[in-house]
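Colleague: Sharing a model prediction with you, sequence too.
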Amino acid sequence: MDLLSLLGVCIAFAAVIYGNFLEGGTLDALLNPPAALVVFGGTLGAVILQTPWPVLRRGIALLAWLVAPPRVSHSDIIKHMLVLSQAARKKGLLGVEDQAHNEKDRFLKQGLLLVADGYEPERIRQRMEDELERSATQDARAASIFEHMGGYAPTIGIIGAVMGLIQVMGNLDQPELVGSGIATAFVATIYGVGFANLLLFPVAGRLREILHDYLIARNLLVEGVVAIAEGEHPQMLEARLRSLVR
């Protein structure tokens, strides 16, 4: 997780735990393995039931972006597209094909190969935008997994609390156990609400922000490739791309 995100998570959980201490609570009072099993296991099971495997697998893969988000430098992309544009103007379609074979970015490579094959600019735009839309839709569905989990967790926490209260009601003949039993029962609610609002919803929001920047970068590639296909002058290409990131 990048430093700022890690700091946010630490502040959130530290504030809750320290607030518990200020209220006279102890850390032991917040530790309840059965409640954790109900909330975390129930939430995970619910989202697995709801989500197709390809989407779930992509969602798990996106978690890596919290640690190492894709390096998206709009300025670097613009500079790279200018280099490709200049090569295309000097060497024509042959120069574009040579550049395409040296590209590591699969999306950009496919676009340049379409240019080298002589496709019309609008046809290239359509092909690249269709691919981009398909990819963006898959990523958005994957990121929404954590939002769905955030919706389930508080409700499952309530289920855990009710289960605990049922056990308490069965011990009414032992009044000394009722108070502690009720307190333990409500730990499940804390787990559900805390899990959702301190972790799951923030993770979903963070992934949406990363995907937004990533999508802008992909759109820069689309516009750059189309401009190369149109034979646009590098200076005009630069102005065109910079207008998309202001």
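Modeller: Looks like it came in fine. Note that the structure is predicted; figures quoted are calculated from it, not measured.

Colleague: what's the residue closest to the geometric middle of this protein?
Modeller: Note on the chain: the residue nearest the mean C-alpha position is Leu207, at 2.4 Å, using CA atoms, centre = their mean.

Colleague: same for the host helix or strand of that residue, what does it pack against?
Modeller: Following DSSP states H and E, the helix or strand that holds Leu207 is helix 201-229. Where contact means 3 or more CB pairs under 8 Å, 6 or more residues apart in numbering; DSSP states H and E, helix 201-229 is packed against helix 3-22, helix 64-67, helix 74-101, helix 106-116, helix 121-169, helix 234-242. To be clear about C-beta, it is placed using only N, CA and C from the backbone, and glycine gets the same treatment.

Colleague: surely the residue nearest to the centre of the chain meets Phe146?
Modeller: Yes. With contact defined as CB atoms under 8 Å, Leu207 counts as touching Phe146 (7.0 Å).

Colleague: shaky segments in this protein?
Modeller: 1-2, 172, 175-181, 246 (pLDDT under 70).

Colleague: Secondary structure class of the residue of it positioned farthest from its centre, three-state.
Modeller: In the chain, the residue that sits farthest from the middle, by CA atoms, centre = their mean, is Asp173; the gap is 50.4 Å. Here Asp173 is recorded as coil under DSSP: H, G, I helix; E, B strand; the rest coil.

Colleague: Any figure for the gap between the spatially closest residue to Leu241 that is not a sequence neighbour and Ile216?
Modeller: Using CB to CB, 6 or more residues apart in numbering and skipping residues adjacent in sequence, the residue nearest Leu241 is Ile78, 4.7 Å away. The gap separating Ile78 from Ile216 is 12 Å, by CB to CB, to the nearest Å.

Colleague: So the two - more neighbours on which side?
Modeller: Legend: neighbour count by other CB atoms under 10 Å for Ile78 and Ile216, higher for Ile78 (18 against 14).

Colleague: which ones are touching that one?
Modeller: 220, 224, 238, 241-242 (CB atoms under 8 Å, 6 or more residues apart in numbering).

Colleague: roughly how far apart are the residue nearest to Leu241 and Arg141?
Modeller: In terms of CB to CB, Ile78 sits 30 Å off from Arg141.
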